[in-house]
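> structure of the sequence below:
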Amino acid sequence: MLTYSAARAAPAQSWLICLDLQRDYVIPGRPRYSAANTEVAATCARVLDLARNEGWRVVHSQLRTEAVTPWRHELFGAPIEGLRPLISEPVYFRSGLSAFTNSGFAAELRFARGADVFLVGFSLVDTCLATVLAGVDEGLSLTLVEDAIGASEELAATDVARAILTPFVQFASSRRLMARRLEVIH
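A predicted model of the protein is given here:
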């Protein structure tokens, strides 16, 4: 029988990092809201469903907006409906920009070296950028799911990501991931 630590030591087929899948990005009137984020959240849900069905290792990183109170006690910091972490999916709260500022997250992702690591979520111009660059420094092979990345600003998130991150990471659309799944099945 595999224990939890033994299961973690075995390389996963693929990994999914879910950044800031929190309500603050999809509730009109909130500071991080953008109208485009509703579609981004729907795409994140499709990718998350794919990852879960395929048995990927899924890890969540969320901004702790209040130093002592986790999201379950804060309305807008709570996960977006349909994107809530499963009991088997760790959630790492951070106070800094990069998810790697949480030592537990950094330790967890060391097991992802050599595996495909996909990233979805919000906060493109700060959290996603900082996390991706820290991940590259950690030796990870990262792929941003470009239509599953949102920004709180009214800008083309994908254009910003490509302009800044092209030298460091790969890009794929959710459609490409779905097609990849179909290729594996057939």
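> how near is R46 to L129?
Per CB to CB, to the nearest Å, R46 is found 23 Å from L129. Placement of C-beta: from N, CA and C, glycine included.
> what of E138?
Look at E138 and L129: by CB to CB, they are 15 Å apart.
> how about A36?
18 Å.
> what of L142?
Distance, L142 to L129, using CB to CB: 12 Å.
> just to revisit the earlier point, the more surrounded of E138 and L129?
L129 (18 against 15; other CB atoms under 10 Å).
> the chain: strands as residue ranges?
Secondary structure of the chain by DSSP state E: the strands cover 14-19, 57-63, 91-94, 116-121, 141-149, 170-172.
> so which bits of the longest one are buried?
Taking 16 or more other CB atoms under 10 Å as the neighbour-count basis, strand 141-149 is seen to contain the buried residues L142, T143, L144, V145, E146, D147, A148, I149.
> need those residues in JSON lines with pLDDT and distance to L19, can you?
Putting the buried residues of strand 141-149 into JSON lines (pLDDT from 0 to 100; distance: CB to CB, whole Å) gives the following:
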{"residue": "L142", "pLDDT": "91", "distance to L19": "12"}
{"residue": "T143", "pLDDT": "90", "distance to L19": "14"}
{"residue": "L144", "pLDDT": "87", "distance to L19": "10"}
{"residue": "V145", "pLDDT": "91", "distance to L19": "11"}
{"residue": "E146", "pLDDT": "86", "distance to L19": "14"}
{"residue": "D147", "pLDDT": "89", "distance to L19": "15"}
{"residue": "A148", "pLDDT": "90", "distance to L19": "10"}
{"residue": "I149", "pLDDT": "88", "distance to L19": "9"}
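> and the furthest pair within the residues you listed?
L142 and D147 (16.1 Å; CB to CB).
> separation between V132 and V47?
From V132 over to V47 the distance is 16 Å, taken as CB to CB.
> compare those two and say which one has the larger neighbour count.
Per other CB under 10 Å, whichever of V132 and V47 has more neighbours is V132, with 27 against 23.
> thought the more buried one was touching L142?
Yes: at 5.6 Å, V132 counts as touching L142 under the criterion of CB atoms under 8 Å.
> for this protein, what's the longest helix?
The residue-count maximum for a helix in the chain (DSSP state H) belongs to helix 37-54.
> contacts for that helix?
The contact list for helix 37-54, computed with CB atoms under 8 Å, 6 or more residues apart in numbering, reads 13-14, 16, 18, 21, 25-26, 58, 80, 82-83, 86, 118, 120-122, 145, 147-150, 152, 157, 174, 177-178, 181.
> CA atoms only: put it into CSV for me.
Once non-C-alpha atoms are left out, helix 37-54 reads as follows in CSV (Å, rounded to 0.1, in the frame of the first residue of the first chain):
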residue,chain,number,x,y,z
ASN,A,37,-12.6,37.0,-15.9
THR,A,38,-16.0,35.2,-16.1
GLU,A,39,-14.9,33.4,-19.3
VAL,A,40,-11.4,32.8,-17.8
ALA,A,41,-13.0,31.1,-14.8
ALA,A,42,-15.1,28.9,-17.1
THR,A,43,-12.0,27.9,-19.0
CYS,A,44,-10.2,27.2,-15.7
ALA,A,45,-13.1,24.9,-14.7
ARG,A,46,-12.7,22.9,-17.9
VAL,A,47,-8.9,22.6,-17.5
LEU,A,48,-9.3,21.7,-13.8
ASP,A,49,-11.9,19.0,-14.7
LEU,A,50,-9.5,17.6,-17.3
ALA,A,51,-6.7,17.5,-14.8
ARG,A,52,-8.8,15.8,-12.2
ASN,A,53,-10.1,13.2,-14.7
GLU,A,54,-6.6,12.5,-16.0
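> please consider this matter closed, and thank you.
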